[in-house]
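Visitor: I would like the atomic coordinates for the input below:
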Amino acid sequence: MKTHVAAWMAIAIAVLSLSGAPSAQGTTKAKPAPRAANGKPDLSGIWIATGALRLMAGEAELAAARKSDIDEGRPTPRTEPPPYKPEAEKQRQYYLDRRGIDDPMARCLISGVPRISFRPLPFQIFQMPDQVVFLYETHHAFRVIPTDGRPHPEDVEPSYLGDSVARWDGDTLVVDVTAFNTKTWLIGVGTVHSEKLRVTERYTRDSYNTIRYQVTMDDPEVFTKPWKAEEIFRLRPGERIREYECIENNEDLLRIEKLLQNESVFKRPSN
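Guide: Model (predicted):
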């Protein structure tokens, strides 16, 4: 059995990518993405976010992945600053000041969308003619996403991962996600949202080894405009989804209890 300690503080700072774009000069051609029977790129495989490679595979593999992007002319992912309204930004700063001890992940609650895809654990995609299935090692979580054009069900209820339906836009799978509860953070510490959140994910397998991921988070209750982020998912040949039990050996809760006994930890540093 494989167990994991929730690495919530490290993940909170690891998921945001550096800005800037590599030159297209001197690029090499990557092995093309496989195709499904319907002619669309086949997203099937086991994947991990580039930003999570440092924790899962080490600095050398992270450096190699970024070099391959430069060599192949792949744009560097960009993540915009969160466009929070003043009250929501005040709430985010509150959680930041508390050093992230309120993070739902520290209590082994399911990470929502898109955060679950940035965790330093693999996830697997199974692509079928009328649906795509995501299996996440994190939290035993899964998503069954129809791609046959059906709408969201009328009886949908708020949940951690929301309700997803998808369609193809050329070679890109576009996933529309609604019906979220408010118990998750979006990307990093304190990135709160309301039940009005709507997430649009775009998965483009642009080579055999990579999926370009673009996500737009739209929440008129807390944002002044939609929030956009990008990542590159890497194929993990030979990897497999293993058993995950967050609560076993979870030392975060013990650390949190100790932090709560020291008020000085939560004081803003003086300028």
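Visitor: distance between the ends of stretch 70-88?
Guide: Start and end residues of stretch 70-88 are separated by 37 Å (C-alpha to C-alpha, to the nearest Å).
Visitor: Check which helices and strands the longest helix seen in the chain sits against.
Guide: In the chain, assigned by DSSP state H, the helix with the most residues is helix 59-72. On a contact count with 3 or more C-beta pairs under 8 Å, 6 or more residues apart in numbering; DSSP states H and E, helix 59-72 meets helix 53-56, strand 227-235. (Each C-beta comes from the backbone N, C-alpha and C, glycine too.)
Visitor: One more pass at 6 Å, please.
Guide: Helix 59-72 sits against helix 53-56, with contacts defined as 3 or more C-beta pairs under 6 Å, 6 or more residues apart in numbering; DSSP states H and E.
Visitor: what helices or strands is the helix it packs on leaning on?
Guide: If you count contacts as 3+ C-beta pairs under 6 Å, 6+ apart, helix 53-56 packs onto helix 59-72.
Visitor: Find me the pLDDT at residue 257, would you?
Guide: The predicted structure scores residue 257 at 67 on the pLDDT scale.
Visitor: Use 54 as the first number for this chain going forward.
Guide: Yes, from this point I'll number from 54; that puts the last item at residue 310.
Visitor: ok so, going back, tell me what angle the longest helix of the chain forms with strand 280-288.
Guide: Helix 112-125 and strand 280-288 meet at an angle of 100 degrees, taking axes from the mean of the first three to the mean of the last three C-alpha atoms, to 10 degrees as the criterion.
Visitor: Quick check: what element follows helix 112-125 along the chain?
Guide: Proceeding N to C from helix 112-125, the next assigned helix or strand is helix 139-150, under DSSP states H and E.
Visitor: on that earlier part again, would you mind listing the buried residues in the longest helix of the chain?
Guide: Applying a neighbour-count criterion of 16 or more other C-beta atoms under 10 Å, one finds 115, 118, 119, 121, 122, 123, 125 buried in helix 112-125.
Visitor: now stretch 264-282
Guide: By neighbour count on 16+ other C-beta under 10 Å, the buried set for stretch 264-282 is 264, 265, 266, 267, 268, 270, 272, 275, 276, 280, 282.
Visitor: okay, the buried residues of helix 112-125 in TSV with distance to residue 91 next?
Guide: Compiled in TSV, the buried residues of helix 112-125 are given as follows (distance: C-beta to C-beta, whole Å):
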residue	distance to residue 91
115	34
118	29
119	33
121	28
122	28
123	33
125	26
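Visitor: Could you single out the nearest of the buried residues of stretch 264-282 to residue 167?
Guide: residue 268 (4.6 Å; C-beta to C-beta).
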